[in-house]
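Engineer: Sequence and computational prediction follow.
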Amino acid sequence: MTLRTQNLALSIMIALLLSLATTPRVGRSQSQQPPQQPVLMLDVRTAVRQWQTSTNIRVAPAAENVIVDDFSAAAPRLVALMGAQEFTITQANAISQTVVSGYLYEVRDTKLVERSSPQLITADDVPAPQRTRYITNILEMFRSPVGDIAVISRPTGAAIAIGGVQYGRTNREFVAKAGAYIVRVQGTDVNLKCERSVAVKKATRTLVCCPESLCAT
């Protein structure tokens, strides 16, 4: 064997050993894997349009655009906070939908108080200070473990109180810090009145139905 052939063989052997040393081993335990960071797959514009479909309330294009801009700008910070809580990708996307819809429900309920018809949300209904306040509060909330609460009733339009604080009307959903709450629902009909103690868990939806039979359907 010539010296050149020996050097070539030696080079191939060294490359093979380096390859084996750097190749991940099959069967590596799950605990040894680096933590998976949630990836926010939610398209804010899609979330707005899904909310429109579920509520039959139209969001004007100008209002939609500013909502999309602000919530998209906040998305990296939101993802980082969810990553710190070890949300899965599925959990992160589900609660991100609630973040967007929760804001739109707040706008809807403000319109119900201030104006006669909430069937159209315009740019005037989503002023910058209001958007900033909501997003700031959400980001602060995500510094602690959070889940969400959905409150539904039949008929809709019943007043919601959570922990003694008024939160608009049914049907509505909220992001909430993990913990124990008393949720009260009071309709205009005296027969529609419910009170329920709930425990919100991290990355989990808590459903409150009034009457309770709604949860079975």
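Structural biologist: Alright, I've got the coordinates. As the structure is a prediction and not an experimental result, all values here were calculated from the model.
Engineer: From now on I want contacts and neighbour counts done on CA atoms only, so please keep to that.
Structural biologist: Will do.
Engineer: Just to check, Glu195 is in contact with Val185?
Structural biologist: Yes: using Cα atoms under 8 Å, Glu195 makes contact with Val185 at a distance of 6.4 Å.
Engineer: Summarise which helices and strands the helix ranked longest in the chain is packed against.
Structural biologist: Secondary structure of the chain per DSSP state H: the longest helix is helix 89-114. Helix 89-114 sits against helix 44-55, helix 61-84, strand 146-153, strand 165-169, strand 172-177, with contacts defined as 3 or more Cα pairs under 8 Å, 6 or more residues apart in numbering; DSSP states H and E.
Engineer: Mean neighbour count, distance to Ala94 and mean pLDDT added to these, as a markdown table?
Structural biologist: Formatted as a markdown table, these follow (neighbours: other Cα atoms under 10 Å; distance: least, Cα to Cα, whole Å; pLDDT from 0 to 100):
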| stretch | mean neighbour count | distance to Ala94 | mean pLDDT |
| --- | --- | --- | --- |
| helix 44-55 | 16 | 10 | 94 |
| helix 61-84 | 17 | 12 | 94 |
| strand 146-153 | 22 | 10 | 97 |
| strand 165-169 | 17 | 21 | 93 |
| strand 172-177 | 23 | 11 | 96 |
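Engineer: Can I get stretch 52-71 in PDB? Just the C-alpha atoms.
Structural biologist: Presented in PDB, the C-alpha positions along stretch 52-71 are these (Å, rounded to 0.1, in the frame of the first residue of the first chain):
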ATOM      1  CA  GLN A  52     -66.900  37.200  13.500                       C
ATOM      2  CA  THR A  53     -68.300  33.900  12.300                       C
ATOM      3  CA  SER A  54     -69.100  32.700  15.800                       C
ATOM      4  CA  THR A  55     -70.800  35.900  16.900                       C
ATOM      5  CA  ASN A  56     -72.300  37.300  13.700                       C
ATOM      6  CA  ILE A  57     -70.700  40.600  14.500                       C
ATOM      7  CA  ARG A  58     -68.700  42.200  11.700                       C
ATOM      8  CA  VAL A  59     -65.300  43.800  12.300                       C
ATOM      9  CA  ALA A  60     -64.700  46.600   9.700                       C
ATOM     10  CA  PRO A  61     -61.400  46.200   7.700                       C
ATOM     11  CA  ALA A  62     -59.800  49.300   9.300                       C
ATOM     12  CA  ALA A  63     -60.500  47.900  12.800                       C
ATOM     13  CA  GLU A  64     -59.300  44.500  11.800                       C
ATOM     14  CA  ASN A  65     -56.000  45.900  10.500                       C
ATOM     15  CA  VAL A  66     -55.100  47.700  13.700                       C
ATOM     16  CA  ILE A  67     -56.000  44.700  15.800                       C
ATOM     17  CA  VAL A  68     -53.900  42.500  13.600                       C
ATOM     18  CA  ASP A  69     -50.900  44.900  13.800                       C
ATOM     19  CA  ASP A  70     -50.900  45.300  17.600                       C
ATOM     20  CA  PHE A  71     -51.500  41.700  18.500                       C
END
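Engineer: Show me what it is in contact with.
Structural biologist: Contact with stretch 52-71 is made by 44-45, 48, 100, 118-126, 131-132, 135, as judged by Cα atoms under 8 Å, 6 or more residues apart in numbering.
Engineer: what do you get if the cut-off is 6 Å, keeping everything else the same?
Structural biologist: Val44, Arg45, Gln119, Leu120, Ile121, Thr122, Ala123 (Cα atoms under 6 Å, 6 or more residues apart in numbering).
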